[in-house]
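**Q** only geometry, no sequence info:
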């Protein structure tokens, strides 16, 4: 499941329901959550005693705990006021409303009417502004593990996102519009800060990189990458120095993601392409990165990485196909999405000097591509599911001959490809493997973001 998710847990059962039944059922439910990989902080079950002492006790105990989501578990019928009194102080937390099923006793089925309690409270939670997901156990079926885990991951992702920082070297590469962001609304809605710094600082850090560090990083490249041809010594050295300078800045500021001015920044002033440096950076750090000062692309990467626990590489559109799109990158991908070893080709594009171009093959199979966009305080996330396959033989005009085949995939979309095209938000979308639409749906519901997906 990736980073540990912590859940507060409070169970409920009506005062006339046998206490041992409520405690047993709630204990089994908490153990089930633990078996799914969650850390569960349990308080004793609550009944509807007339003075509300049990509800007040549970609320007090929960206030002493730290958790990503609150599980409200009904083992039987409970008047709604007892639930609200217990959890009202936690409206800032995602809530999982979970109704348990009864048990078979010989030829009979014994129920405590938990779903009477959940159906009585569901609409109330909605009207009172709780951010919640409603799941129920069904007769004769296992608990809905996938739905529970999806919501828990979304809750944890939202928790991690608040306070996350994107390091941004430079501003508005190539004078693009779709890479910009509104700082106040982004912080208010998702809790993300974008911190800008100058490439001059990176250049100064490059001058301070030690020779032993350069030698160690160069050995890593030669031992772990397949160099299609030998790069110029200055290309290799510049690549390593840039990587180590960026790594130093990230460590100093604790960035969770990185973007930078590529065409109008590093290539223009440093006179080489940064692809090799970013490939090496991903070998050394688990960090999200995307070029061209793409702020909301970086935030999409953070959302994706926090939801899935895996790398979230960026791809851009090169061509649309009858079933979807040819997507690739003109620079680098993290090793996690590479099929086999990282393959590097020293090459130049246009007027830019030689860089270490990543030409690795990408993993194929089921994939999800997604993108966040915003206008003022209105945010939406566009996501699509498809099947990635090895691309046709192709090249991008402008590379020094022999032109490389860039890291790329042909993605056949499961939904209406024309509708996808009409909804597209940017040239950059974030790739993840598997069908992660349920995770995005839960996240968007919690974050108050509109999700767009084609059927």
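**A** Arrived safely, thanks for sending. All of these numbers come straight from a predicted model, not from anything done at the bench. Numbering: from 1, shown residues only.
**Q** the strands in the stretch 51-200 of the chain, which residues?
**A** Remark: strands assigned in the stretch 51-200 of the chain by DSSP state E, counting those that start in this stretch are 69-74, 95-99, 103-105, 108-110, 132-136, 165-169, 193-197.
**Q** got the ones you listed as JSON lines, with mean neighbour count columns?
**A** For every residue, glycine as well, the C-beta is placed using N, CA and C. Below are those laid out as JSON lines (neighbours: other C-beta atoms under 10 Å):
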{"stretch": "strand 69-74", "mean neighbour count": "27"}
{"stretch": "strand 95-99", "mean neighbour count": "24"}
{"stretch": "strand 103-105", "mean neighbour count": "11"}
{"stretch": "strand 108-110", "mean neighbour count": "10"}
{"stretch": "strand 132-136", "mean neighbour count": "19"}
{"stretch": "strand 165-169", "mean neighbour count": "22"}
{"stretch": "strand 193-197", "mean neighbour count": "15"}
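**Q** okay if I get those as TSV plus distance to residue 40?
**A** Putting those into TSV (distance: least, C-beta to C-beta, whole Å) gives the following:
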stretch	distance to residue 40
strand 69-74	8
strand 95-99	12
strand 103-105	21
strand 108-110	25
strand 132-136	16
strand 165-169	30
strand 193-197	31
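**Q** go through those strands and find the least confident stretch.
**A** Lowest mean pLDDT of those: strand 103-105, a mean of 87.
**Q** packing partners for it?
**A** Applying 3 or more C-beta pairs under 8 Å, 6 or more residues apart in numbering; DSSP states H and E, one finds that strand 103-105 contacts strand 108-110.
**Q** chain center to stretch 228-241, what's the gap?
**A** 33 Å (C-alpha atoms, centre = their mean, to the nearest Å).
**Q** next: stretch 118-138.
**A** 26 Å.
**Q** residue 237: neighbour count?
**A** Neighbourhood size, residue 237 [other C-beta atoms under 10 Å]: 16.
**Q** now do the helix or strand where it lies: which elements does it pack against?
**A** In this assignment (DSSP states H and E), residue 237 forms part of helix 233-253. Secondary-structure packing of helix 233-253 (3+ C-beta pairs under 8 Å, 6+ apart): strand 165-169, strand 193-197, helix 199-207, helix 211-224, strand 257-260, helix 275-284, strand 355-358.
**Q** residues of the third one that come out buried?
**A** Right, helix 199-207. Applying a neighbour-count criterion of 16 or more other C-beta atoms under 10 Å, one finds 199, 202, 205-206 buried in helix 199-207.
**Q** one more: the fourth one?
**A** In terms of neighbour count (16+ other C-beta under 10 Å), helix 211-224 has its buried residues at 214, 217-218, 221.
**Q** how close does the residue nearest to residue 61 when sequence neighbours are not counted get to residue 23?
**A** Residue nearest to residue 61 in three dimensions, not counting chain neighbours: residue 43, with 4.3 Å by C-beta to C-beta, 6 or more residues apart in numbering. Spatial separation of residue 43 from residue 23 under the definition C-beta to C-beta, to the nearest Å is 12 Å.
**Q** returning to that earlier point: do you know which of the strands of the stretch 51-200 of the chain lies nearest residue 297?
**A** Nearest of the strands of the stretch 51-200 of the chain to residue 297, taken as C-beta to C-beta: strand 165-169 at 9.7 Å.
**Q** next, the angle helix 199-207 makes with the closest one.
**A** Using axes from the mean of the first three to the mean of the last three C-alpha atoms, to 10 degrees, the direction of strand 165-169 lies 90 degrees away from that of helix 199-207.
**Q** what pairs with strand 165-169, parallel or antiparallel?
**A** Note on strand 165-169: by DSSP bridges, its sheet partners are strand 193-197 (parallel), strand 257-260 (parallel).
**Q** let's have those strands in JSON lines, adding distance to residue 270.
**A** Output for these, formatted as JSON lines (distance: least, C-beta to C-beta, whole Å):
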{"stretch": "strand 193-197", "distance to residue 270": "15"}
{"stretch": "strand 257-260", "distance to residue 270": "11"}
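**Q** rewinding a little: which one among the buried residues of helix 199-207 gets closest to residue 146?
**A** Closest approach to residue 146 among these (C-beta to C-beta): residue 202, at 43.3 Å.
**Q** what comes up buried for stretch 379-394?
**A** Result for stretch 379-394 [16+ other C-beta under 10 Å]: buried residues 379-388, 391.
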